[in-house]
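Student: what's the 3D shape of this:
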Amino acid sequence: MPADLYEVTPRYLAASPLSDHREHLDALAASTGWTLTTDGPTTAVTSPCERIVLRHDQAAEGFRPHLIVTAHTGPGAPARWRADIAGNTPVEILTALTTTITTALETDPDHLVYDIAATPEPQIALLVDGEDWEFVHGPGVAGMRSTDGYAAALQHAPDNPGKPQRDDPDIAWHLFATHPAGSLWSVSFTHDTPLFVVTSALEQTLSSEPLIRSAGIALHPAFAPLTTTRPVRATRPGSTAAGLPPDTPGPARGSAKAR
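Tutor: Residues are numbered from 1 along each chain as shown. This next block holds a predicted model:
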């Protein structure tokens, strides 16, 4: 691998440029045969059955979602559930989400659209490092928050009397990361989203494994003080060890709390 690549932890601060999201849609359409259409700043990727649509809006302003995934009962039907992606979400979350969706559409489309499984759905258990994440709960809200305070994954009960996530009562799950200057990224799911779809994003968010980033992103001034980076060295063909140097920690992480 090129010498200018780095392993970055925590992974939720390994931001991806918005261009990576757009390129992922191109790759998705090319690999699946789904239809890709462009209308000005908007690009849409639609499944052949027209039950799944991914819509990317390059003109989205502020922290509004620029990528929206919707599931429909049929062509032209209202969205049954929705996933909103905003900011510099790690592209690995998007990849896991689209892989889960495309696979389920092939194997059990009713489970994907209606959340009705052909076979009993096994209980889902997420392994979380207690040094990196802590359980939090409040009126109608429960989930995990990173111990550095920069990320959280929260579930919002539909009958919650408190303030809804993102001021949208339809939002059931809200995954997000912040940094001292403000919001970094967020992924939200509405109440009818199947749990296995949400879990694909949760696993990527809560994992303690590093993500690979180029030097320009890994060492960006906004994130370098908050992350630990480790250069990735190229290996010879057939080599099984990368000969990586010791971790290179930045200054101590700040104490700002996820909002």
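
Student: for the helix or strand hosting residue 230, the distance to its chain's centre please.
Tutor: Taking DSSP states H and E as the criterion, residue 230 maps to strand 228-232. With Cα atoms, centre = their mean, to the nearest Å as the basis, strand 228-232 stands 22 Å off its chain's centre.

Student: A strand includes residue 37, no?
Tutor: Yes. Residue 37: assigned to a strand according to DSSP: H, G, I helix; E, B strand; the rest coil.

Student: wait, it sits on residue 43?
Tutor: Yes. Counting by Cβ atoms under 8 Å, residue 37 does reach residue 43; the two are 7.2 Å apart. (C-beta placed from N, C-alpha, C; glycine too.)

Student: who has more neighbours, the two?
Tutor: Neighbours were counted for residue 37 and for residue 43 using other Cβ atoms under 10 Å; residue 43 has more, 20 against 11.

Student: for residue 64, helix, strand, or coil?
Tutor: Following three-state DSSP, residue 64 is assigned to coil.

Student: Just list whatever residues bridge to the closest residue to it other than its chain neighbours.
Tutor: Of all residues not flanking residue 64 in the chain, residue 86 sits nearest, at 6.5 Å (Cβ to Cβ, 6 or more residues apart in numbering). Using DSSP bridges, the bridge partners assigned to residue 86 are residue 186.

Student: Now the helix or strand containing residue 81: buried residues?
Tutor: Here residue 81, judged by DSSP H and E, is contained in strand 79-87. Judged by neighbour count (16 or more other Cβ atoms under 10 Å), strand 79-87 contains these buried residues: 80, 81, 82, 83, 84, 85, 86, 87.

Student: Then stretch 12-30?
Tutor: Quick answer for stretch 12-30 (16+ other Cβ under 10 Å): 12, 13, 14, 15, 16, 18, 20, 21, 24, 25, 28, 29.

Student: quick check, distance from it to the centre of its chain.
Tutor: Distance of stretch 12-30 from the chain centroid (Cα atoms, centre = their mean) equals 11 Å.

Student: Report the mean confidence score over it.
Tutor: Stretch 12-30 comes out with an average pLDDT of 96.

Student: Beyond the strand holding residue 81, next helix or strand please.
Tutor: Next along the chain after strand 79-87, taking DSSP H and E as the criterion, comes helix 91-107.

Student: Give me the contact list for that following helix.
Tutor: Contact with helix 91-107 is made by 11, 16, 20-21, 24, 28, 32, 47, 49, 51-52, 54, 67, 69, 83, 85, 111-112, 175, 187, 194, 196-197, 200-201, 203-205, 211, as judged by Cβ atoms under 8 Å, 6 or more residues apart in numbering.

Student: Over to stretch 175-188 now: how far is its first residue from its last?
Tutor: 6 Å (Cα to Cα, to the nearest Å).

Student: who does residue 230 bridge with?
Tutor: Here residue 230 sits in beta bridges with residue 7, going by DSSP bridges.

Student: Assess the claim that it and residue 210 are in contact.
Tutor: Yes. Using Cβ under 8 Å, residue 230 makes contact with residue 210 at a distance of 7.0 Å.

Student: what is in contact with the two at once?
Tutor: Common contact partners of residue 230 and residue 210 (Cβ under 8 Å, 6+ apart): residue 7.

Student: Please report the distance of the one residue sitting closest to the centre of the chain from residue 79.
Tutor: The centroid of the chain falls nearest to residue 93 when counting by Cα atoms, centre = their mean (3.3 Å). Taking Cβ to Cβ, to the nearest Å as the measure, residue 93 falls 20 Å from residue 79.

Student: Thanks again, I'm all set now.
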